[in-house]
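> Kindly return the folded structure for what I paste below:
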Amino acid sequence: ISILNSFQECTLKQIMDQESEIVHDTQSLHSDMQTLVYENYNKFIAGTDTIRKMKNDFKKMEDEMDLLAKNMESITSFSEQISCTLQLKTCFTAVTSLGVKGDKLDVPCYFLINPPLVEPRLETPLVE
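Got it, this is the predicted structure:
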């Protein structure tokens, strides 16, 4: 209805000017839309790249955590070996200070000072 009123009430020049303005506005909106699509596409690509990088970083971090866990297990094992060695040396030092040679003992001191470590490997417990 508005268009029909424009045709009836406006001159041809006014209608042509209005049409030119509508074409210009349409082209401007189309250009704005293309710009928005381009910007959003670039954001999408950047987001995809960021996610890919994060995935790679997390994979590397997971591998490093696995390596760290293995190293910690190795350190724990070495620490236990060192502790056992020190306990044996302490035991044998105590035995030799009493004047008894370590090779004459029937039961090694290790079993006496470490029953929780030894008992799971024995059929009968050392102490009942």
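
> low-confidence ranges in this protein?
1, 94-128 (pLDDT under 70).

> Which stretches in it count as helices?
2-9, 12-97, 109-113, 115-118 (DSSP state H).

> Serialize those helices to a markdown table and add fields for mean neighbour count.
All C-beta spots, glycine's among them, are computed from the backbone N, C-alpha and C. Shown next, in a markdown table, are these (neighbours: other CB atoms under 10 Å):
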| stretch | mean neighbour count |
| --- | --- |
| helix 2-9 | 9 |
| helix 12-97 | 11 |
| helix 109-113 | 15 |
| helix 115-118 | 12 |
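
> residue closest to the middle of this structure?
Against the mean C-alpha coordinate of the chain, by CA atoms, centre = their mean, the closest residue is residue 58 at 4.4 Å.

> any idea how far that residue lies from residue 66?
According to CB to CB, to the nearest Å, residue 58 and residue 66 sit 13 Å apart.

> same question, residue 4
In this view, residue 4 and residue 66 are 77 Å apart by CB to CB.

> What of residue 86?
31 Å.

> same thing with residue 85?
For residue 85 relative to residue 66 (CB to CB), the value is 29 Å.

> try residue 43
For residue 43, the distance to residue 66 - CB to CB - is 35 Å.

> Ok, residue 25 next?
From residue 25 to residue 66 the distance is 61 Å (CB to CB).

> cool, and residue 14?
77 Å.

> Ok, residue 5 next?
77 Å.

> Residue 81 now?
23 Å.

> ditto for residue 23
Shown here: residue 23 relative to residue 66, a distance of 64 Å by CB to CB.

> same check, this time on residue 93
Taking CB to CB, one finds residue 93 at 41 Å from residue 66.

> do the same with residue 46
Separation of residue 46 from residue 66 (CB to CB): 31 Å.

> ok, now residue 30?
With CB to CB as the criterion, residue 30 and residue 66 are 54 Å apart.

> ok, now residue 12?
Residue 12 is 80 Å from residue 66, by CB to CB.
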